[in-house]
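Novice: Just to be clear, the model below is a prediction. Sequence and coordinates:
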Amino acid sequence: MNYNWNWAILIEVPYFDWLVSGLGWTLLVSALGWIIAFSLGSLIGVIRTLPSKPLRLFGMAYVELFRNVPLLVQMFIWFYVLPELVGEDLGRWMKRDMPFPEATSAILCLGTYTASRVAEQVRAGIESIPRGQSMAGYAMGLTTKQVYRYLLIPVGYRIIVPPMTSEFLTIFKNSSLALTIGVAEVLYQARQIENYTFQGFEAFTAATLIYLVITMIVVFITDRVEAKARIPGYGVQGKT
Amino acid sequence: MLAAFDFGVIGRNLPYLWEGMQLSLLLTGLSAFGSIVLGTILALMRLSGIKLFQWIGAVWVNFFRSLPLLLVIFWFYFLVPVVVQQQVDAFQSALIGFVLFEAAYYCEIMRSGILSISRGQAWAGYALGLRYSQTMRYIVLPQAFRNMLPILLTQTIILFQDTSLVFVVGLADFMTSAVNVAQRDSRLIELYVFAAFVYLVMCYFGSLYVKHLQQKMHR
């Protein structure tokens, strides 16, 4: 293996700045995508447990649609296909005037895709609450809305904190796919450094370390959140 | 542009797209086989009494699960030719990357599969005079595979979707073929919608089969 090592390349101008700005885009796209995923996913997850059949069917269709198409294909559809399908005026705006078209498409794509996964967790959380609890709620005269508001949602969300953190890590890792439509996130920058300098080993090592360190930080924080959120006596979540 | 959909472009390029799909399926099959074997070995290491093996298994799983698959694909596309000192087919480097990466996920499935078999089964094997390898091979692993079959298949459907990522290294799978046709004939909408539809149908029916299997097993 003959290879010219040059680790210093990573702190040289402009390569260091490239990595930093790449990290910024990765975090921004993941965080904004997560906001969409969490709110939309919660809504759809709750819808899937409601008594109304058409609503449940809609929730199921959403989840199946987004879960069974590869994220890369979805990314291309958001970026290339959607502007052509939404009508001329909106399409033109999306292509010309929408701020950061690549990043916006990537955020919407990651958000709606991850929402289907979040929805499944929310549904599983709510369904894991014994029936007797919601029956007790109804017996006390609560409406369906109140049963959700005071019982199923507060308990359900505390149960699903561990899988939710892993969904957050998933959207963080999946944000790397944004590079296929031209968002200059960490991996895009690492590749760019490789193309410019032929120091692929150093560039990809840097990207690997960035992903590892962020994952470790997130796991460190969420371990504490999980310990706080755990409901005493509710199974042995996260431990085997 | 809106008025001028031409889905005939798909029919004209069907043989080319089918070639891509064959590569996707081949890559999925080989990767699934390789990573289930490697994942099972890792699971056995994680569950063995030997500290060093446990540590290797745990580090492997946590390392690969912290990284995006895309990064792993780039790594091996770049790394394999440097290490073996010759031009390597993109298919081979992608396959190596997929096996090592997906093994981390299959390992956790197999680990919980093995843990789901009651300890008494293994003890019974030892009591009959079987060695560790025989107990695993004839008693524990067959049952673990059976219990985990639906989850293994679900993970394989995910793997099939993930193979579309080889697009970034230009390997001509189904996705890349669709993109190639789309760009050459300027038919982005038709081709991307078609690709989405094909993946949707295949993965949806795959997941229906898994559900059917689960119901059959729980009866």
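Specialist: Received, thanks. This is a predicted model, so every value here is computed, not measured. Numbers count the residues shown, from 1 in each chain, chains lettered A, B, ... in the order given.
Novice: Let me know the helix or strand that the residue at minimal distance from the centre of chain A is in.
Specialist: Within chain A, the residue whose C-alpha comes closest to the C-alpha centroid is A:I171; the distance, by CA atoms, centre = their mean, is 3.1 Å. According to DSSP states H and E, A:I171 maps onto helix A:161-174.
Novice: hmm, the following helix or strand past that helix in reach of chain B?
Specialist: Moving toward the C-terminus from helix A:161-174, the first helix or strand encountered (DSSP H and E) is helix A:186-197. Yes - in this structure, helix A:186-197 sits against chain B according to CB under 8 Å from any CB of the partner chain; the contacting residues are A:187, A:190-191, A:194. Just so you know, the C-beta spots here come from the backbone N, C-alpha and C atoms, and that holds for glycine as well.
Novice: rewinding a little: just the CA trace of the helix holding A:I171, in PDB.
Specialist: C-alpha atoms of helix A:161-174 as PDB (Å, rounded to 0.1, in the frame of the first residue of the first chain):
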ATOM      1  CA  VAL A 161     -38.300   7.900  24.400                       C
ATOM      2  CA  PRO A 162     -35.600   5.200  23.600                       C
ATOM      3  CA  PRO A 163     -36.800   4.400  20.100                       C
ATOM      4  CA  MET A 164     -37.300   8.000  19.400                       C
ATOM      5  CA  THR A 165     -33.700   8.800  20.100                       C
ATOM      6  CA  SER A 166     -32.600   6.100  17.700                       C
ATOM      7  CA  GLU A 167     -34.900   7.700  15.100                       C
ATOM      8  CA  PHE A 168     -33.200  11.000  15.700                       C
ATOM      9  CA  LEU A 169     -29.800   9.300  15.000                       C
ATOM     10  CA  THR A 170     -31.300   7.800  11.900                       C
ATOM     11  CA  ILE A 171     -32.300  11.100  10.400                       C
ATOM     12  CA  PHE A 172     -28.900  12.500  11.300                       C
ATOM     13  CA  LYS A 173     -27.200   9.600   9.400                       C
ATOM     14  CA  ASN A 174     -29.700   9.800   6.500                       C
END
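Novice: Can you name every helix or strand that that helix contacts?
Specialist: With contacts taken as 3 or more CB pairs under 8 Å, 6 or more residues apart in numbering or on different chains; DSSP states H and E, helix A:161-174 sits against helix A:15-47, helix A:101-127, helix A:200-229.
Novice: avg pLDDT for the longest one?
Specialist: For helix A:15-47, the per-residue pLDDT values average out at 95.
Novice: Report the angle between that helix and helix A:161-174.
Specialist: Relative orientation of helix A:15-47 versus helix A:161-174 (axes from the mean of the first three to the mean of the last three CA atoms, to 10 degrees): 140 degrees.
Novice: List the buried residues for helix A:15-47?
Specialist: Under the neighbour-count criterion of 16 or more other CB atoms under 10 Å in any protein chain shown, helix A:15-47 has A:15, A:18-19, A:22-23, A:25-26, A:28-30, A:32-34, A:36-38, A:40-47 buried.
Novice: now swap in the last one and tell me
Specialist: Residues of helix A:200-229 classed as buried: A:200-204, A:206-208, A:210-211, A:214-215, A:218, A:222, A:226, A:229 (neighbour count, 16+ other CB under 10 Å).
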